[in-house]
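Asker: Sequence and predicted structure below; questions after.
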Amino acid sequence: MARIVFTSGFARRYTSGVREFEVEAKNLRGVLKAMDALYPGLGEHLEEETTVAINGEMHETGYFQPVPPGAEVFFIPKIEGG
Amino acid sequence: MNDTTIVTESTKRFKWVGTRPIRPDGVPKVTGRALYGADLKMPGMIYGKVLRSPHAHARIKSIDTSAAEKLTGVKAVVTSKDLPQQKFDYIGPERVAVNFWHVTRNIMAREKALYEGHAVAAVAAISASIAEEAAALIKVEYEVLPHVIDVDEAMADDAPLLFEDMITRGIEPPPTKPSNISKKLEFAIGDIEKGFAEADVVIEETFKTAAVHQAYIEPHACVAKAEADGQIEIWSSSQGHFAMRALTAQILGARLGDIRVTPAEIGGGFGGKTVTYLEPVAATLSKKSGGLPVRLQMTREDVFRATGPTSGSSSWVKIGVKKDGTITAMDGVYKFQAGAFPGSPVMNGCLCGFAPYDVPNQHAIGYDVVSNRPKAAAYRAPGSPIAGFAVESVIDMCAKAIGMDPLELRMKNVAKIGSPTIAGPKHAHAGFGETLQALYNHPAWKAPLGPNQGRGVACGYWFNGGGESSATLQVNADGTVLVATGSPDIGGSRASMALMAAETLGVDYGQVRAIVADTGSIGYTHVTGGSRVTFATGIAVVTATKSVVKELCRRAAVIWDVDPEGVVWEDGHAKPAGSNVGEFKPLSLKELAAKAAATGGPITASAGVNPGGQAPGFCAQFFDVEVDPETGHTTILRAVCAQDVGKAIHPSYVEGQMQGGVVQGIGWALSEEYIYNAKGQLDNPGFLDYRCPVASDLPMIDTILVEVPNPVHPYGAKGVGEANICPPMAAIANAIERAIDKRLTTLPMSPPRILEALSAG
């Protein structure tokens, strides 16, 4: 299981304020699919609006990124460029 | 100079990586033959000129271009009507969200001119002088509106509004009244009130920083040619020709595949050349002129008036600390000028300011605020130095209050692997503590100081970047190797790419030539920015090189008539993997290259990658200053910069990045600022009056390269371009405070401000 965490602002907009989830996934694609199953459309928001930290390592939100068992997957917002 | 490299045990020694060969672009640059954006000349080329608003804020009632169009020699006139409408939406690649409704209005004003210098029309003519004359013939009827420049004034209830329908995002429920506050952000970990309750000393202070420009030497310039069939070719100086392609395509409603952008050499960018101002306009002028190539370039005054500096700011920071030096809580409010359109780097400020420290209770609020200034653009670690000035100043005040060495206070609280960050993720990389220790060990840290002299220290943090990059290797018939990437070379990346390819291939650096390929000749590559190129494009180069090595082994296997698995690559040669494979004389790269046709054709490989796991940048610096109490002038006596660089691929360029960041930070600290008059017009749009540091203002800058390698990168590289601009402002403020016992909280700390502080008693 991986622990999925959103910022409070993101959670307020898309998950009724719920910030933490546990999902079964081997990679980021699995995380996105699992979150999309819980909140239809959320996967696309995550892909387009966030950067992700897996156990503190920053990555772009790409499908292939492995998610080790017990990992903390933290989605943080993209920077606004104007 | 006392340049030092601190190497951790895990850093390997290499043959080429870590050496200092001459840069491949050096000769054309020092002989003046390198081609920059404004150097390209084409047959039939015509010249563009942009007409800019003289007003800080004005409604555009009408634009009459008829007189300009009738002038002999004029080939095209463009206004915002020639650019398609854009949807109001925040979209975008990488970690950046862009609203093209804003971008197209920044490129060419529509309903209103929002800052002095805002483009309102453009012409192209057979000579630059005719273009200038034609631009002056364009009649723009303005209704001048009240303007606002300062961020605090822009946030006031009665401030003139840039957008009458702007409702602040990030507040629930949304406000009912419009304002200049585009967005509010809030981040928190732990319990901030509990943290302050645990502290023995709590200190808070407010700060202001000036907007400062990246001050790249080369003004923006491009040539564009738009054919009748929709194909567009652009030659321009930028930090990312793929970004210029994408932005131009979106602004013009063109397809990516119809635009080809060739990068010119770039005379500095520092973040400011990641956005477009000219390319879509030049392409539209070309299209309207029947496909003639159009050169469009800015003057220095245009650059200051119309391109993005970094934000000016107003901040408040509060820190709690125990008597033993443990920081218990950090709180901050950051208000950043976005310029005329939303999108300041205030989120970065919120996320970076406290990042060097292991503190359980953190809270930060950020406001993105529009005002009648050019739209802010990225500038070296965008946002981090602004927050860092406030945070590192208050940390110094805490150290003084508890009687602790300011560097020891930072060492006691420095972030480690597993330390929390305000965004939520835990720190995943080492190197901060090692860097502070290296700075502490510098012999000058404890050196005596004279009268009116002071020493100040500060830290800085930057995320660093990864992301998409492409590279192609070609083995030539004579055994030389071409490395092509999509990363414009700003900091010496051609040399570092060639070094990594040579190391991986096991051949001499002199055999490898690195180039920057155009958008039609290489795969997509993100901008050269975010300190990402040596890391991400370096991984693309090493990945492609490994594919070439595999192919070379396969070619040797063909020659020897053995299985490819029976061949290994060592020291630039294919060799039998063991005696059971057979007795064969090793084949060099040159020998295999000569047999390329017979063994299967050209030897080449490409790689497209999207790596993450980049380690953040961390830098710590101390400055010795002397303040003249008569004039208020501050002399920098010494600057020492320690930075975790992972592994320095080309140490000279790493040192250059560190020294460059320090120099720009000194300018930000002491002399650089935008000065507006009562009409909201910029009074110092040139290098005579906008005072960047020059060599005579600067000491030799000691660099300490701390090498704590990033295990994700094949050679351990970490981004090194940005964290070094974060510490100087606070470190110099802290040094001045120790020299004159006055805390300066407004940048720049110019002589009049020092004298004002001294006269305050």
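Answerer: Thanks, I have the structure now. Numbering: from 1, shown residues only, chains lettered A, B, ... in the order given.
Asker: going forward, measure contacts between C-alpha atoms and count neighbours the same way
Answerer: Will do.
Asker: quick one: the helices in chain A?
Answerer: With DSSP state H applied, chain A shows helices at A:8-14, A:28-38, A:42-49, listed in chain order.
Asker: got the ones you listed as a markdown table, with mean pLDDT and mean neighbour count columns?
Answerer: Shown next, in a markdown table, are the helices of chain A (pLDDT from 0 to 100; neighbours: other Cα atoms under 10 Å in any protein chain shown):
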| stretch | mean pLDDT | mean neighbour count |
| --- | --- | --- |
| helix A:8-14 | 84 | 17 |
| helix A:28-38 | 95 | 18 |
| helix A:42-49 | 87 | 18 |
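Asker: can you put the ones you listed in CSV and add distance to chain B?
Answerer: What follows is the helices of chain A, written out as CSV (distance: least, Cα to the nearest Cα, whole Å):
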stretch, distance to chain B
helix A:8-14, 7
helix A:28-38, 13
helix A:42-49, 8
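Asker: Can I get these in CSV including distance to B:Ala329?
Answerer: Formatted as CSV, those follow (distance: least, Cα to Cα, whole Å):
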stretch, distance to B:Ala329
helix A:8-14, 20
helix A:28-38, 33
helix A:42-49, 30
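Asker: nearest to B:Lys416, of the ones you listed?
Answerer: For the helices of chain A, proximity to B:Lys416 was assessed by Cα to Cα; helix A:8-14 is nearest, at 24.8 Å.
Asker: what does that closest one rub up against?
Answerer: Taking contacts as Cα atoms under 8 Å, 6 or more residues apart in numbering or on different chains, the residues outside helix A:8-14 that touch it are A:Gly17, A:Val18, A:Arg19, A:Tyr39, A:Leu42, A:Pro77, B:Gly170, B:Glu186, B:Phe187.
Asker: Narrow the residues you listed to those in strands?
Answerer: Judged by DSSP state E, the contacts of helix A:8-14 include A:Pro77, B:Glu186, B:Phe187 as members of strands.
Asker: B:Thr421 versus A:His45, what's the distance?
Answerer: Distance, A:His45 to B:Thr421, using Cα to Cα, to the nearest Å: 23 Å.
Asker: Could you give me the PyMOL syntax to select whichever of the contacts of helix A:8-14 are buried?
Answerer: This is the PyMOL syntax for the buried subset of the contacts of helix A:8-14, where burial follows 16 or more other Cα atoms under 10 Å in any protein chain shown:
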select buried, (chain A and resi 19+42+77) or (chain B and resi 170+186+187)
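Asker: Mind putting the contacts of helix A:8-14 into JSON lines with distance to B:Pro451?
Answerer: Shown next, in JSON lines, are these (distance: Cα to Cα, whole Å):
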{"residue": "A:Gly17", "distance to B:Pro451": "57"}
{"residue": "A:Val18", "distance to B:Pro451": "58"}
{"residue": "A:Arg19", "distance to B:Pro451": "55"}
{"residue": "A:Tyr39", "distance to B:Pro451": "66"}
{"residue": "A:Leu42", "distance to B:Pro451": "62"}
{"residue": "A:Pro77", "distance to B:Pro451": "49"}
{"residue": "B:Gly170", "distance to B:Pro451": "50"}
{"residue": "B:Glu186", "distance to B:Pro451": "44"}
{"residue": "B:Phe187", "distance to B:Pro451": "43"}
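Asker: Just give me the closest of the contacts of helix A:8-14 to B:Ser237.
Answerer: A:Pro77 (29.8 Å).
Asker: What separation is there between that closest one and chain B?
Answerer: From A:Pro77 over to chain B the distance is 8 Å, taken as Cα to the nearest Cα, to the nearest Å.
Asker: now the residue in the stretch 651-761 of chain B positioned nearest to chain A, what's its secondary structure?
Answerer: Among the residues of the stretch 651-761 of chain B, B:Val712 lies nearest to chain A; the distance is 9.9 Å by Cα to the nearest Cα. Put simply, B:Val712 is coil when judged by DSSP: H, G, I helix; E, B strand; the rest coil.
Asker: That one: how many residues sit nearby?
Answerer: Using other Cα atoms under 10 Å in any protein chain shown, B:Val712 has 17 neighbouring residues.
Asker: Share the number of residues neighbouring the residue nearest to it when sequence neighbours are not counted, please.
Answerer: Nearest non-adjacent residue to B:Val712, counting by Cα to Cα, 6 or more residues apart in numbering or on different chains: B:Gly613, 6.2 Å away. By other Cα under 10 Å, 25 other residues sit near B:Gly613.
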